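A.B. asks: this one's structure only:
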């Protein structure tokens, strides 16, 4: 059974259930960040993740939220999230190595913006290069086939 087969009431119930579960576990674990229980994933981490997932799913029913998220930028980020995740590692490591004694060391927001912008630039560059390479490879194959595979 997929989430789309659930009624709005069932999704709301699951959201509330996982909110209560994660809140109880948050108090039980003395407000330790959920990341502590990420590997291997524990009930605390999973209940919080499911709560947020069901909440976001319900929020997407609101027209105001749909209107905000229905644009090319959000679609691009969504379609390229894996590459953005991959390419963000480079600026994270560079900032980690070279930020000692700089403004980056104390400004989370600045680090976040720089890492996101650099990851976006690297992802766009990667996509353009990848598309160009695919085009060149296709052209080479067509030329090779026309010369040597005359059927």
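C.D. replies: Thanks, I have the structure now. Remember, it's a predicted structure, so these values are computed and weren't measured experimentally.
A.B. asks: helix or strand right after the lowest-mean-pLDDT helix or strand in the chain?
C.D. replies: Least confident helix or strand of the chain, by mean pLDDT, DSSP states H and E, is helix 63-69 with a mean of 79. Going down the chain from helix 63-69, the next helix or strand is helix 72-79, by DSSP states H and E.
A.B. asks: which outside residues touch that following helix?
C.D. replies: Defining contact as C-beta atoms under 8 Å, 6 or more residues apart in numbering, one finds that helix 72-79 is touched by residue 84. For glycine as for every other residue, the C-beta is placed from the backbone atoms N, C-alpha and C.
A.B. asks: kindly report the same for stretch 99-114.
C.D. replies: 91, 95.
A.B. asks: still on that earlier bit, and the least confident helix or strand of the chain, what other elements does it pack with?
C.D. replies: With contacts taken as 3 or more C-beta pairs under 8 Å, 6 or more residues apart in numbering; DSSP states H and E, helix 63-69 sits against no other helix or strand.
A.B. asks: show me what it is in contact with.
C.D. replies: 59, 60.
A.B. asks: going forward, the N-terminal residue is numbered 33.
C.D. replies: Sure, I'll start counting at 33 from here, so that last one is helix 95-101.
A.B. asks: tell me the buried residues in it?
C.D. replies: Buried residues in helix 95-101, defined by neighbour count with 16 or more other C-beta atoms under 10 Å: none.
A.B. asks: same question for stretch 101-113.
C.D. replies: residue 112.
A.B. asks: stretch 53-72 too?
C.D. replies: Under the neighbour-count criterion of 16+ other C-beta under 10 Å, stretch 53-72 has 53, 54, 57, 58, 66, 69 buried.
A.B. asks: which one of these is nearest to residue 157?
C.D. replies: Among the buried residues of stretch 53-72, residue 66 lies closest to residue 157 (C-beta to C-beta), at 33.8 Å.
A.B. asks: and the closest one, what is it in contact with?
C.D. replies: Going by C-beta under 8 Å, 6+ apart, residue 66 touches 54, 76, 77, 80, 81.
A.B. asks: low-confidence stretches in the protein?
C.D. replies: By pLDDT under 70, the weakly predicted segments of the chain are 33, 69, 166-177, 179-183.
A.B. asks: tell me where it has helices.
C.D. replies: 40-60, 75-91, 95-101, 104-111, 113-130, 140-180 (DSSP state H).
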